[in-house]
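[1] One predicted model, sequence on top.
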Amino acid sequence: MVSREHKRPATLLHEKFQLLRSITNSHAMNKTSIIFDASKYIEELKQKVERLNQDIATTAENSTPQTLSPLVTVETLEKGFLVNVFSETSCPGLLVSILEAFEELGLNVLEARVSCTDQFQLEAVGGENEEQVESMDAQVVKQAVLEAIKNWSESNINH
C-alpha cells in the first residue's frame with residue numbers, strides 16, 4: 001500500500017477530480033466537463049442561497065417583532081416538491097392548515113418530517129396527481145402554503 005505522501009501528483013489530481021465529480025453529482029468523465037458541471041453546481045447553490053436570503057428578508061419585512069411568520073421554502077423535485085416550513089415558536093394547528101392546502105392543490109404527501117414541540121418545523125415531499133403534472137410550479141405551492149399560514153394566523157388571532 002502506498003502512503004498519501006508517496007502517491008504521484010497525477011494520481012492525487014485524479015482522486016480530487018473524482019471527489020469533485022461525486023460532490024457535484026456529475027456524470028462527466030473528462031476533466032473539462034467535471035469542472036464545467038462543478039461550476040454549474042456552484043451557480044445553483046448561489047441561486048439557492050440568494051432565494052433563501054430573499055425569503056428571510058421578505059419574512060422579516062412582513063413580520064412584526066412579536067409574531068414572526070414561519071419561513072417557507074419550496075423546491076421543485078423530479079416529480080413533486082420539497083416544502084420546508086420553519087417557525088421559532090410552536091404553532092398548534094398549523095400542520096392541519098398546511099396539509100389542507102396540499103389537499104386543495106391535489107398534492108399527495110409522499111414523505112414528511114414534523115416537529116411541533118418548542119418550534120414548528122415541517123419538511124414534506126409532495127407529489128402531484130397524474131392529471132396535474134404540467135400545471136403546477138413551486139411558486140404556486142409556496143403561495144398556497146403562505147395563504148394557509150396567513151389563514152391559520154388570522155384564525156388564531158381571532159380566538
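    It's in.
[2] show me where pLDDT drops low in the protein?
    Residues of the chain that meet the criterion pLDDT under 70 lie in 1-6, 63-68, 129-135, 157-159.
[3] and if we set it to 80?
    The chain contains residues with pLDDT under 80 at 1-7, 59-69, 79, 128-136, 156-159.
[4] ok, longest helix in it?
    Secondary structure of the chain read by DSSP state H shows that its longest helix is helix 31-62.
[5] just checking, what packs against that helix?
    Helices and strands touching helix 31-62, as assessed by 3 or more C-beta pairs under 8 Å, 6 or more residues apart in numbering; DSSP states H and E, comprise helix 9-23, strand 71-77. Placement of C-beta: from N, CA and C, glycine included.
[6] got the ones you listed as a markdown table, with distance to residue 145 and mean neighbour count columns?
    Output for the helices and strands packed on helix 31-62, formatted as a markdown table (distance: least, C-beta to C-beta, whole Å; neighbours: other C-beta atoms under 10 Å):
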| stretch | distance to residue 145 | mean neighbour count |
| --- | --- | --- |
| helix 9-23 | 31 | 12 |
| strand 71-77 | 5 | 17 |
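[7] which one of those lies closest to residue 52?
    strand 71-77 (6.5 Å; C-beta to C-beta).
[8] Strand partners (parallel or antiparallel) of the closest one?
    Strand 71-77 sits in its sheet next to strand 80-87 (antiparallel), going by DSSP bridges.
[9] and the helix or strand following the strand it pairs with, which residues are buried?
    The helix or strand immediately downstream of strand 80-87 is helix 94-105, counting by DSSP states H and E. Neighbour-count burial for helix 94-105, counted by 16 or more other C-beta atoms under 10 Å, picks out 94, 95, 97, 98, 99, 101, 102, 105.
[10] Next: stretch 145-154.
    The neighbour-count check on stretch 145-154 (16+ other C-beta under 10 Å) flags 145, 146, 148, 149, 152, 153 as buried.
[11] Could you do stretch 51-60 as well?
    Within stretch 51-60, judged by 16+ other C-beta under 10 Å, the buried ones are 55, 59.
[12] Now do it: everything it contacts.
    Stretch 51-60 has contacts (C-beta atoms under 8 Å, 6 or more residues apart in numbering) with 68, 69, 71, 72, 73.
[13] and the residue lying closest to the last one once chain neighbours are set aside, what are its bridge partners?
    Looking back up the chat, that one is residue 73. Sequence neighbours aside, residue 84 is the residue nearest to residue 73 in space, at 4.6 Å (criterion: C-beta to C-beta, 6 or more residues apart in numbering). In this entry, residue 84 is beta-bridged to residue 73, residue 123, by DSSP bridges.
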